[in-house]
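Visitor: Below are the sequence and a predicted model; questions follow.
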Amino acid sequence: MMDPVYLDLLRRSLTSRGVEIADGLSEEELGAIENDFGFGFPPDLRELLKSFLPVGEDWPDWRSRNQHLLEWLDFPAEGVAFDVEENEFWSVGWGEQPEDLDDAVEEARRLVALAPILIPVHGQTFLPSRPSAAGNPVLRVAQTEISLAGSDLGWFLYEELGAPRPDWSPETPRRIEFWSDLMELETE
């Protein structure tokens, strides 16, 4: 879990790297976002967003909930659908592929809808909404090519953005329903 001391170091570090910082989200704002989009923020991301809000082109605009944010939230599903439709992608773990391409795309979208929602963090990186626990891995998403961007949120911020090194040790990245299976396809 991100404690107040670490969050203060993180805020100062990001600011020194030119990241614009806004006031954190209130519990009411967080609740409204979760209600509007149908997911819960994992506790570590929730604490970060309550403490401060990184803003800018590569950061989600949680306050305005604009069209760009809606597209960002749909980015993983769009990528999977694109690969099924355009690149003949189908994971054997999904069962038998429908013969009709439109049915295959629809089934792939259904499977993504059942999977944990990927919450935008920065650029093409996402934090799974489930399980609702601190320590979910941060995933880099490029269509069906899923890779590990950080074993958890703190380590992602350290490794990718030069934030302070967390004082906890990363464990083996937690398996995430559906998304870990896609990630493993890339390493086989």
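Guide: Looks like it came in fine. Numbers count the residues shown, from 1 in each chain.

Visitor: Please make it C-alpha for all contacts and neighbour counts, starting now.
Guide: Will do.

Visitor: Need the residue closest to the centroid of this structure.
Guide: The geometric centre of the chain, computed from its C-alpha atoms, lies nearest to Phe126 (CA atoms, centre = their mean), at 1.7 Å.

Visitor: Run a quick neighbour tally on the spatially closest residue to Gly24 that is not a sequence neighbour.
Guide: Beyond its immediate neighbours in the sequence, the residue positioned closest to Gly24 (CA to CA, 6 or more residues apart in numbering) is Phe52, lying 3.7 Å away. Applying other CA atoms under 10 Å, we find 18 other residues in the vicinity of Phe52.

Visitor: List the residues that contact Phe52.
Guide: For Phe52, the contacting residues are 11, 21-25, by CA atoms under 8 Å, 6 or more residues apart in numbering.

Visitor: Generate a ChimeraX selection restricted to the buried entries among those residues.
Guide: Of the contacts of Phe52, the buried ones go into a single ChimeraX selection, burial set by 16 or more other CA atoms under 10 Å:
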select :11,24,25
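
Visitor: Let's see which of the contacts of Phe52 end up in helices.
Guide: Counting by DSSP state H, the part of the contacts of Phe52 found in helices is Arg11.

Visitor: Helices of this protein, start to end?
Guide: Under DSSP H, the chain gives helices at 4-16, 27-37, 43-51, 67-86, 101-114, 153-161, 179-187.

Visitor: same for the first one, what does it pack against?
Guide: It refers to helix 4-16. Using 3 or more CA pairs under 8 Å, 6 or more residues apart in numbering; DSSP states H and E as the contact criterion, the elements in contact with helix 4-16 are strand 20-23.

Visitor: and the strand it packs on, what does it pack onto?
Guide: helix 4-16, strand 52-55.

Visitor: Tabulate the helices of the chain in CSV, adding columns for mean pLDDT and distance to Trp94.
Guide: Listed next are the helices of the chain as CSV, based on pLDDT from 0 to 100; distance: least, CA to CA, whole Å:
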stretch, mean pLDDT, distance to Trp94
helix 4-16, 91, 40
helix 27-37, 95, 25
helix 43-51, 96, 30
helix 67-86, 94, 12
helix 101-114, 96, 8
helix 153-161, 90, 28
helix 179-187, 82, 10
